[in-house]
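Student: Next comes the sequence, and after it the predicted model I'd like to discuss.
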Amino acid sequence: MAELIAPTARLRESWLRSRDEWGGAHQDGAGLRPEDDVDTPDGFAAWVRRLLRDADPAVAQPEGLVHCTYWWIVEDDEVLGAIALRHELNDFLLRAGGHIGYGVRPSARRRGLASFALGEVLPYAAKLGLARVLVTCNVANEGSRRTIERNGGELEDIRDTEIGRLRRYWITTSGS
């Protein structure tokens with residue numbers, strides 16, 4: 001059974017297998033930046049430490065970035081995907097990125113993992129005091145559209161952004 005866990009260097013080999021399935025494509029929700037070195041054990045451990053630190057409100061974020069909590073979607077110690085909850089929106093995130101981003105490795109898709117992960121993260125958003133969260137997806141991504149709508153997403157609009165043509169949804173949480 002799948003679960004959400006905090007990123008951990010212990011699952012490096014599994015994470016690398018997952019990354020390789022993406023074929024170099026961007027992995028939504030993973031928190032991977034171009035300067036991150038995940039190929040070496042030390043680099044991977046440093047990346048995981050940064051992901052965990054990004055959630056800490058006591059640690060200042062670089063300009064243009066916001067605090068973010070990351071989880072990996074894991075089953076039997078195999079990394080199947082990732083989901084990220086941004087604690088607030090900056091201008092870019094309001095236009096395009098949203099509060100929550102997620103991705104499931106190609107071999108694990110169509111199993112309901114994204115819906116599961118999104119449903120699990122919404123209570124955390126509420127605990128942060130977010131009464132509603134913005135979740136976006138590419139207009140061509142029917143799987144994400146269904147995932148967001150299954151979790152209560154209400155379509156605000158479809159717009160062209162710097163990362164493509166997106167559907168923008170708001171999901172109400174129990175936060176206030």
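Tutor: Looks like it came in fine.
Student: hang on, Ile83 in a helix?
Tutor: No: counting by DSSP: H, G, I helix; E, B strand; the rest coil, Ile83 is not part of a helix but strand.
Student: any idea how far Ala58 is from it?
Tutor: Ile83 sits 23 Å away from Ala58, going by CB to CB, to the nearest Å. In this view, the C-beta of every residue, glycine as well, is placed from N, C-alpha and C.
Student: Those two: which has the busier surroundings?
Tutor: Ile83 (26 against 6; other CB atoms under 10 Å).
Student: what's the distance between the more buried one and Lys127?
Tutor: In terms of CB to CB, Ile83 sits 15 Å off from Lys127.
Student: what are the bridge partners for Leu134, then?
Tutor: Trp170 (DSSP bridges).
Student: Would you confirm that it contacts Arg86?
Tutor: No: the pair Leu134 / Arg86 is not scored as a contact, 9.1 Å apart, by CB atoms under 8 Å.
Student: Need the overlap of contacts for those two.
Tutor: Listed as contacting both Leu134 and Arg86 by CB atoms under 8 Å, 6 or more residues apart in numbering are 93, 98-100.
Student: And the lengthiest helix in the chain, what does it pack against?
Tutor: In the chain, with assignment by DSSP state H, the single longest helix is helix 113-127. Contacts defined by 3 or more CB pairs under 8 Å, 6 or more residues apart in numbering; DSSP states H and E place helix 113-127 against strand 3-5, strand 68-75, strand 78-86, strand 100-104, strand 132-138, helix 142-150.
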